[in-house]
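A.B. asks: Sequence and computational prediction follow.
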Amino acid sequence: MTKKNIYQKLHAACLSAGAVKKAEKLNGMRFNPLLHDKVQEVATQALLDNGLYATCNYLTEIVPNIKQVMVVCTMKVYDVDDPTQYILVDGCSAFGNLDKFGTGNAMSYSRKYAFLNLLNLKTGIKDEDGYEPKPFEDSTEQSVEQNSLEESKEEPTYLDETIDVEEMKRALKSTNNLDEFLEVKNLIRKDVEFLMRNNLRAYRQVTDIAETRELQLTNGQQS
């Protein structure tokens, strides 16, 4: 039997990895969050099943102007049969608050996206068991079709592979007062920061909606 090289093993891990079940919706949110523990569980199992093992190193830096800590994750995936061979996933980063939880939260967030980037993990939900078995192209085509109908009213959403930008916008628009708005804004903060670093067009769409809704609520407008 021919021995697989590390890239063949990674390819097999990508093909065999199951979808990540999203968590239950949080208060004030209209979309289901993608949790680090679930991503790590699915990714680690797929890697181990194919003779691969992942380790992570982190670089931390305080960013004074925004009073947060930035954590950059560097993931190495080793071939268990030949540990001299590894694949590097570099540059996945996240921001955390300057408190006792901030660095740990940012480490988990950056590691989650390293796993997602490594294996191109599928995510999805449906009402019964949390996994949508239809091809993801179908939902994308549906979103494009829906957006085309509203083209004259609003620029089509720039879809991101790991973050539901459309649902973030809907959650912001559906807030009825400033307290609800600030709660939603805090819940999506890390995803917005990720978009800022990786998807500027989607980031601008979300922040434009946030600024408009905050101004409306400040002036006492409900819609």
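C.D. replies: Looks like it came in fine.
A.B. asks: Next secondary structure element downstream of the helix or strand bottoming out on mean pLDDT in the chain?
C.D. replies: Lowest by mean pLDDT, DSSP states H and E among the helices and strands of the chain is helix 136-149, with a mean of 41. The first helix or strand that comes after helix 136-149 along the chain, using DSSP states H and E, is helix 165-173.
A.B. asks: after that following helix, next one along is what?
C.D. replies: Helix 165-173 is succeeded, C-terminally, by helix 178-187 (DSSP H and E).
A.B. asks: Mind listing what's buried along whichever helix or strand comes after that next one?
C.D. replies: Counting by DSSP H and E, the next helix or strand C-terminal to helix 178-187 is helix 189-198. Across helix 189-198, burial judged by 16 or more other C-beta atoms under 10 Å covers 190-195, 198. Where you see a C-beta, it was placed from the backbone N, CA and C, and this is true even at glycine.
A.B. asks: domains of this structure?
C.D. replies: 1-133, 135-223 (automatic domain parsing).
A.B. asks: Among the ones you listed, show the one with the smallest mean pLDDT.
C.D. replies: Per-stretch mean pLDDT for the domains of the chain is lowest at domain 135-223 (a mean of 70).
A.B. asks: tell me the helices in this protein, going along the chain?
C.D. replies: Residue ranges of the helices in the chain, as given by DSSP state H, are 6-16, 36-49, 102-119, 136-149, 165-173, 178-187, 189-198, 200-218.
A.B. asks: In CSV, list those helices along with distance to residue 57.
C.D. replies: Compiled in CSV, the helices of the chain are given as follows (distance: least, C-beta to C-beta, whole Å):
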stretch, distance to residue 57
helix 6-16, 19
helix 36-49, 16
helix 102-119, 10
helix 136-149, 31
helix 165-173, 30
helix 178-187, 29
helix 189-198, 19
helix 200-218, 27
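A.B. asks: What's the separation between the residue nearest to residue 115 when sequence neighbours are not counted and residue 121?
C.D. replies: Leaving out its chain neighbours, the residue that sits closest to residue 115 by C-beta to C-beta, 6 or more residues apart in numbering is residue 43, at 3.9 Å. Per C-beta to C-beta, to the nearest Å, residue 43 is found 6 Å from residue 121.
A.B. asks: so what's in contact with these two at the same time?
C.D. replies: 17, 115 (C-beta atoms under 8 Å, 6 or more residues apart in numbering).
A.B. asks: So which of those two has more stuff around it?
C.D. replies: Neighbour count, other C-beta atoms under 10 Å: between residue 43 and residue 121, residue 43 has more, with 26 against 22.
A.B. asks: who are the neighbours in contact with the residue nearest to residue 193 when sequence neighbours are not counted?
C.D. replies: Distances taken as C-beta to C-beta, 6+ apart place residue 95 nearest to residue 193, at 5.0 Å, with adjacent residues excluded. Residue 95 makes contact with 63, 66, 68-71, 106, 190, 193 under the criterion C-beta under 8 Å, 6+ apart.
A.B. asks: No further questions, thank you.
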